[in-house]
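S.K.: no sequence on this one, just coordinates:
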DNA sequence: ATAATTTTTGCATACGTATCTATTTTAGAT
DNA sequence: ATCTAAAATAGATACGTATGCAAAAATTAT
């Protein structure tokens, strides 16, 4: 393609000032007189000049780029979060370089290397596990990492999650209060901290009430697997309630219960899950679920990232956002539930 | 944060070669002997060296960055497309800098300026309209643009869409073949070419069969508006079939028909729409819809972009991908439909 | 009006890499 | 072994900007 590069040099020439003067006009906090500022702006608009972010990044070491590393976007929670993240960072003058952890495009580690090649100022990792070498490498390069919706032990990494343990417990108490006796759980991918913490919270609350898990299957956060898990779980001696590790799977579970097994929700079986993605509120599902407050999670993520970027070698922060239960119609509502 | 920058200079020193030798080792198609290549690689791994993409971009003029400008991600079609786009570009050595056209972060034009500031090699615009000044500006800067799922007249811009006209026509013929007499249409945002073309195709096919549109409302591609449009359309003398401009709205339409108006689908009213997002296949909706083949659209988008990047001042290309109708259960199936 | 201070400015340099040019090394041919 | 052609290498420069430094201009104080 034909190029037409307008440089600060050309602007300087047209404005009759030095290149450094032009640079100072576009650098916040640098000194330039009213007169030169005006001349420069005039020349700049005439030529259509805009500072080259990449060149600026080279000399200043600030790329204004945040690397976003994300596993998959099928679960609506993530697009939602990406939109919010990108928008908030944009406001702060940063932009998001996105990297998919797809299987086809090499392994995780090589992708992180690619991210670092772009001299990003920070990395947000959503729904992907990071090897400790990688974490070290980023630490060495001075690039802060924030895990979004995942936590990872032992690395001292910053992370932002919802309070999965307490959220899981809330789900259990809700089902117990509804008088359910045979409560099943459909797990997500067992390598995920979210899965683990939700299950811990859920079973802990069950046990505290003297109950126990009636059935358990694994859905790996996939709809197909979740359907299969449902068939398995309801093949004999069906539970009267199921907690599903996230909404995405819950949709599949509900569809399987209704359209394959002919069960009514919540009359025959209560379903409750976790996330509160937009579709949970759609009348077809009307799903009772524990909300992950994407707005707050994003806000905290951005805050931590900014703090780490602007301070030297700051400690990792672990933040868990409160997760309220959103009562809709997919699970029997306990008598006198406030 | 603390920095530890490893430069080609340091690698050169350790390897006992010149900086240019190191550069040539990492530049495809440059000449370097087996021996130096080995020495350089050894030194590079020792120090943990990787070329700085930004510095490379400065001198070569190739940033390996593609700007992706997207309106909103609520409609699952877009996250899906983004995932595919990003993955395919990653394979080709490009990466995606994402920009949200949110209302909170300034107007469209300023966002495009920001994209250009990053010296992107190309821009993909999804579901956003571009002013002609902007298009000119990009042309001037030598940055090719491809519109994704939108077309725009008169600018000579490249675009990739599905064949919306013929897709709309297919929807009409399907409903007609099903014996429907009172056919309504719920439009998307009327500024969108996709909306326009789908409607043209739909009404053209109706008229060709001697029919005419029985009712029409506007849903603006929003679920709330679509629900409202549905209530309006079915407030008196209801249609026996509705074509909805995209799946995203169709979900709201179906929910409203079923849970507010108590109508059965497809017994009382047939619903058909456009996109075939994953949720369309969920049993709760089981939506008959015209498929936009995201894979092919993405593939064409990437192809065109690459062509434009690697050739000087190439003509814009307009590509429309075939859009098959996917028959499920939300619309009455015509007798003997193959 | 002069001196002391502050602000503004231009010059030179640096950021990390690719690439052009000239030179040296290597391989090939006689 | 000598000459020629090809390959490899080091040195120098350029990309577009920010910034330290010293000189110049503008402002203030005396």
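M.R.: Looks like it came in fine. This structure is a prediction, so every number in the text was calculated from the model and none was measured.

S.K.: any idea how far residue A:323 lies from residue A:163?
M.R.: According to C-beta to C-beta, to the nearest Å, residue A:323 stands 5 Å off from residue A:163. No exception for glycine: its C-beta is placed from N, CA and C like everyone else's.

S.K.: quick one: which of those two has more around it?
M.R.: Remark: of residue A:323 and residue A:163, residue A:323 carries more neighbours, 28 against 19, as counted by other C-beta atoms under 10 Å in any protein chain shown.

S.K.: Name all residues that make contact with the more buried one.
M.R.: Counting by C-beta atoms under 8 Å, 6 or more residues apart in numbering or on different chains, residue A:323 touches A:162, A:163, A:164, A:166, A:167, A:170, A:274, A:290, A:291, A:292, A:293.

S.K.: That one - nearest residue in space that isn't next to it in sequence?
M.R.: residue A:167 (3.7 Å; C-beta to C-beta, 6 or more residues apart in numbering or on different chains).

S.K.: can I assume the one you found is in contact with residue A:275?
M.R.: No - applying C-beta atoms under 8 Å, one finds residue A:167 not in contact with residue A:275, separated by 9.7 Å.

S.K.: which neighbours do these two share?
M.R.: With C-beta under 8 Å, 6+ apart, residue A:167 and residue A:275 have common neighbours A:290, A:292.

S.K.: secondary structure element for the residue nearest to residue A:323?
M.R.: Following DSSP states H and E, one finds residue A:167 within helix A:164-177.

S.K.: distance between that helix and the chain's centre?
M.R.: Distance of helix A:164-177 from the chain centroid (C-alpha atoms, centre = their mean, to the nearest Å) equals 22 Å.

S.K.: Can you point out the buried residues in that helix?
M.R.: Neighbour counts using 16 or more other C-beta atoms under 10 Å in any protein chain shown place A:164-176 of helix A:164-177 among the buried residues.

S.K.: of all those, which comes closest to residue A:300?
M.R.: The closest of these to residue A:300 turns out to be residue A:164 (C-beta to C-beta; 14.9 Å).

S.K.: excluding its backbone neighbours, what's nearest the closest one?
M.R.: In space, residue A:164 is closest to residue A:197, 3.5 Å off (C-beta to C-beta, 6+ apart).

S.K.: Look up phi and psi at that neighbour.
M.R.: phi -70, psi -40 (degrees, to the nearest 10).

S.K.: which residues touch residue A:220?
M.R.: A:188, A:189, A:190, A:226.

S.K.: next one: residue A:305
M.R.: Residue A:305 touches A:66, A:122, A:124, A:144, A:146, counting by C-beta under 8 Å, 6+ apart.

S.K.: same question, residue A:240
M.R.: A:180, A:181, A:182, A:183, A:268, A:269, A:270.

S.K.: Share the number of residues neighbouring the fourth one, please.
M.R.: Here the neighbour count serves as a burial measure; for residue A:183 (other C-beta under 10 Å) it reads 26.

S.K.: Is the residue in the stretch 101-250 of chain A that DNA strand D sits nearest to in a helix, a strand, or coil?
M.R.: As assessed by C-beta to the nearest atom of the strand, DNA strand D sits closest to residue A:119 within the stretch 101-250 of chain A, at 12.8 Å. Per DSSP: H, G, I helix; E, B strand; the rest coil, the local secondary structure of residue A:119 is coil.

S.K.: Over to it: give its phi and psi.
M.R.: phi 60, psi 40.

S.K.: about what we covered before: residues in contact with the helix holding residue A:167?
M.R.: Outside helix A:164-177, the residues that touch it by C-beta under 8 Å, 6+ apart are A:183, A:193-194, A:197-206, A:209, A:211, A:241, A:243, A:270, A:272-274, A:288, A:290, A:292, A:320, A:322-325, A:327, A:331, A:334, A:337.

S.K.: Could you pull up the contacting residues of the residue lying closest to residue A:39 once chain neighbours are set aside?
M.R.: Nearest non-adjacent residue to residue A:39, counting by C-beta to C-beta, 6+ apart: residue A:15, 4.3 Å away. Counting by C-beta under 8 Å, 6+ apart, residue A:15 touches A:21, A:22, A:36, A:39, A:40, A:42, A:43, A:44.

S.K.: distance of residue A:336 from residue A:178?
M.R.: Residue A:336 is 11 Å from residue A:178, by C-beta to C-beta.

S.K.: Columns pLDDT on top of the contacts of residue A:323, output as CSV?
M.R.: Shown next, in CSV, are the contacts of residue A:323 (pLDDT from 0 to 100):
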residue, pLDDT
A:162, 97
A:163, 98
A:164, 98
A:166, 98
A:167, 98
A:170, 97
A:274, 98
A:290, 98
A:291, 98
A:292, 97
A:293, 97
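
S.K.: and after the helix or strand hosting residue A:59, which helix or strand comes next?
M.R.: Here residue A:59 sits within helix A:53-60, counting by DSSP H and E. Next helix or strand after helix A:53-60 toward the C-terminus (DSSP H and E): strand A:65-70.

S.K.: Give me the angle between that following strand and strand B:65-70.
M.R.: Going by axes from the mean of the first three to the mean of the last three C-alpha atoms, to 10 degrees, strand A:65-70 is angled at 70 degrees with respect to strand B:65-70.

S.K.: Parallel or antiparallel, list what pairs with strand A:65-70.
M.R.: strand A:95-100 (parallel), strand A:122-126 (parallel) (DSSP bridges).

S.K.: how far is the longest one from where the chain is centred?
M.R.: Once both centres are worked out by C-alpha atoms, centre = their mean, strand A:95-100 turns out to sit 13 Å from its chain's centre.

S.K.: Contacts for it next, please.
M.R.: By C-beta under 8 Å, 6+ apart, strand A:95-100 touches A:64-72, A:82, A:85-86, A:89-90, A:111, A:114-115, A:118, A:120, B:65, B:68, B:82-83, B:86-87, B:90, B:95-99, B:114, B:118.

S.K.: cool, and the last one?
M.R.: Counting by C-beta under 8 Å, 6+ apart, strand A:122-126 makes contact with A:66-71, A:78, A:81-82, A:85, A:112, A:115, A:138, A:143-150, A:301, A:305, A:308-309, all of which sit outside it.

S.K.: so what's residue A:25 up against?
M.R.: A:32, A:36, A:37, A:40, A:41.

S.K.: for residue A:139, same thing?
M.R.: Contacts of residue A:139 (C-beta under 8 Å, 6+ apart): none.

S.K.: circling back to that earlier point, counting neighbours, which bits of the helix holding residue A:59 end up buried?
M.R.: A:53, A:54, A:55, A:56, A:57, A:58.

S.K.: Which parts of chain A are helices?
M.R.: Using DSSP state H, the helices found in chain A span residues A:8-15, A:19-25, A:34-47, A:53-60, A:77-91, A:108-117, A:132-141, A:164-177, A:193-208, A:223-233, A:247-255, A:294-310.
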